[in-house]
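Colleague: Here you go, sequence then predicted model.
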Amino acid sequence: MAILFAILPDTESTLLRRGSSAFPARAALRTEAPSPHRWCGGIGGFLHLSMAEKTSRSGCYNADVVSDSEGGASMKIEPVIDEWSGPGDKDGTIVPITARENAVNREAAGSRFYGEWWYFDARLEDGHVVVGFLQASELMTRKPGIEIHVYKPSGEKLSVVKKFPASELRASEEKCDVWVGKNHCYVEWPEEGDLPTHHVYISEDGMELDLTFVSEVPGWQPGKGRTRYGERGYFSWVVPIPRARVEGTVKFEGKTLQAKGIGYHDHNVITTDARRIISWWYWGRLYTDDFTLLYAYVRTQKRFGNVASKPLMLAYKDKVILSSGEMEVTEGDVTFNATANRTYPGRLELEIPDQVYLRFDVKRVIDCNDLLKELNPVLMNAAVRWLVNRFMRPGWFRFESDFTLRVQHAGRTFEENGTTLHEMVALQ
């Protein structure tokens with residue numbers, strides 16, 4: 001779920017960058033479907049949330065009113081609809097995605113808030129992590145673009161970010177086949193029904209990715225792949241490659257790296273003004289020999305009742321066995337990071353009772369940023385920053401964490417341990 005948003009929620013300026021979610025700065029808490037008396041990160045303080053019914057089959061949460069702790073005016077909130085197939089907030093039947101679901105979305109392009117991108121990454125056997133984007137509409141400029149990022153084993157990061165005129169975008173409406181300038185990602189489907197192979201080539205300003213992704217797990221999306229925010233529009237997350245064998249070359253600093261590792265690819269579309277909807281989120285995944293797990297936890301703002309979308313996918317070997325929005329999240333071990341100028345959870349636990357439990361313990365912060373610094377140079381002024389920080393501390397983190405995974409499947413209990421990467425974005 002790779003994202004770059006220009007977020008200006010109402011009168012409060014902030015920036016949502018790639019990946020995840022915010023963290024309430026006071027204490028560990030369990031963040032499930034909203035309940036009364038919940039601390040909701042930063043702005044607004046301790047909110048008293050009066051939630052009405054939850055229509056579980058459609059994943060639609062409705063709340064009559066939200067009022068603040070000082071007795072302010074009530075607000076009728078808008079619904080958040082996760083389009084699960086059911087029963088409940090999950091997919092009882094997991095339907096494979098089609099080739100068209102990874103093609104460009106021309107209909108979405110009519111939205112003034114349109115954003116669309118194809119994200120690829122790979123964790124290589126030698127310790128490098130490489131990331132590449134092709135963007136039909138980058139969310140700050142609304143222009144086509146590309147990004148390349150290489151994380152060295154030492155933690156050093158190299159990047160190229162480039163925008164293009166609209167005339168440099170060519171994209172199929174039938175399948176993944178996208179050109180941005182000379183940069184290209186495309187899919188090859190076998191005739192006999194095997195899993196597809198994707199290719200990505202991005203080469204700009206001395207950096208280059210030329211990689212092949214051979215799928216090992218079928219493509220997946222949560223329900224119909226969309227979360228709708230009332231009448232404001234939707235966000236779509238489709239994962240054509242939950243897991244792939246990756247081979248190819250990566251070029252940077254005048255040298256060529258022979259790349260081999262595990263990869264991932266997703267396709268994202270947005271047609272709504274995220275600055276008025278999203279408060280914070282987490283995003284990540286992990287791989288073991290037998291299991292592949294993907295998750296996101298996206299918390300909305302007060303006008304949407306602080307409802308969270310909570311998709312999780314679990315695959316055993318080459319089969320998706322769980323697609324659910326019933327995940328519970330617990331955060332703890334709050335730590336302050338001076339670079340990002342905010343706290344983050346040193347421990348994160350995800351659970352669907354009697355099915356899957358996952359715990360992350362952060363080993364190190366690989367990359368982070370104080371998003372106020374990116375928003376406007378004037379906010380570098382100490383006095384202005386002090387005033388803004390009274391209301392918000394937006395920040396972005398990429399973590400390396402140890403994990404413990406426990407799965408109950410086919411009458412057996414599995415436990416796996418390892419290390420993985422995951423992310424967090426805080427808007428407040």
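Modeller: Here it is on my side, so go on. Here the structure is a predicted model, which is why all the values come from computation and not from measurement.
Colleague: For residue 364, pull up the helix or strand it's in.
Modeller: strand 356-370 (DSSP states H and E).
Colleague: what's that strand packed up against?
Modeller: strand 291-300, strand 328-337, strand 342-352, strand 395-409, strand 412-426 (3 or more Cβ pairs under 8 Å, 6 or more residues apart in numbering; DSSP states H and E). Every residue, glycine included, has its C-beta placed from N, CA and C.
Colleague: hey, C-alpha coordinates of the first one in PDB?
Modeller: Presented in PDB, the C-alpha positions along strand 291-300 are these (Å, rounded to 0.1, in the frame of the first residue of the first chain):
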ATOM      1  CA  PHE A 291       3.200 -18.500   5.200                       C
ATOM      2  CA  THR A 292       2.600 -15.100   3.500                       C
ATOM      3  CA  LEU A 293       0.800 -12.400   5.500                       C
ATOM      4  CA  LEU A 294      -0.300  -8.900   4.400                       C
ATOM      5  CA  TYR A 295      -2.200  -6.300   6.500                       C
ATOM      6  CA  ALA A 296      -3.200  -2.700   6.700                       C
ATOM      7  CA  TYR A 297      -4.900  -0.800   9.500                       C
ATOM      8  CA  VAL A 298      -6.400   2.500   8.300                       C
ATOM      9  CA  ARG A 299      -8.000   4.800  10.900                       C
ATOM     10  CA  THR A 300     -10.400   7.500   9.800                       C
END
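Colleague: Who are the packing partners of the helix or strand that it is followed by?
Modeller: The helix or strand immediately downstream of strand 291-300 is strand 308-309, counting by DSSP H and E. The contact analysis (3+ Cβ pairs under 8 Å, 6+ apart) places strand 308-309 against strand 291-300.
Colleague: just the angle between the strand it packs on and strand 356-370, please?
Modeller: Relative orientation of strand 291-300 with respect to strand 356-370: 60 degrees, computed using axes from the mean of the first three to the mean of the last three Cα atoms, to 10 degrees.
Colleague: now strand 291-300: how far from the chain's centre is it?
Modeller: Taking Cα atoms, centre = their mean, to the nearest Å, one finds strand 291-300 lying 8 Å from the centre of the chain it belongs to.
Colleague: ok, it: who's next to it in the sheet?
Modeller: Note on strand 291-300: by DSSP bridges, its sheet partners are strand 278-287 (antiparallel), strand 308-309 (antiparallel), strand 312-316 (antiparallel).
Colleague: could you redo those as a markdown table and give each row mean neighbour count and mean pLDDT?
Modeller: Below are these laid out as a markdown table (neighbours: other Cβ atoms under 10 Å; pLDDT from 0 to 100):
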| stretch | mean neighbour count | mean pLDDT |
| --- | --- | --- |
| strand 278-287 | 24 | 90 |
| strand 308-309 | 25 | 94 |
| strand 312-316 | 22 | 98 |
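Colleague: Including distance to residue 87, could those strands go into a markdown table?
Modeller: Below are the strands paired with strand 291-300 laid out as a markdown table (distance: least, Cβ to Cβ, whole Å):
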| stretch | distance to residue 87 |
| --- | --- |
| strand 278-287 | 26 |
| strand 308-309 | 18 |
| strand 312-316 | 16 |
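Colleague: Which of those strands sits closest to residue 358?
Modeller: Residue 358 lies closest, by Cβ to Cβ, to one member of the strands paired with strand 291-300: strand 278-287, at 7.5 Å.
Colleague: mind saving the C-alpha coords of the closest one as PDB?
Modeller: Only the C-alpha atoms of strand 278-287 are listed here, as PDB (Å, rounded to 0.1, in the frame of the first residue of the first chain):
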ATOM      1  CA  ILE A 278      -7.700   9.500   7.000                       C
ATOM      2  CA  SER A 279      -6.100  10.000  10.400                       C
ATOM      3  CA  TRP A 280      -3.400   7.400  10.400                       C
ATOM      4  CA  TRP A 281      -2.400   3.900   9.300                       C
ATOM      5  CA  TYR A 282      -0.100   0.900   9.500                       C
ATOM      6  CA  TRP A 283       0.900  -1.300   6.600                       C
ATOM      7  CA  GLY A 284       3.200  -4.300   6.200                       C
ATOM      8  CA  ARG A 285       3.700  -8.000   5.400                       C
ATOM      9  CA  LEU A 286       6.000 -10.900   6.200                       C
ATOM     10  CA  TYR A 287       7.200 -14.100   4.600                       C
END
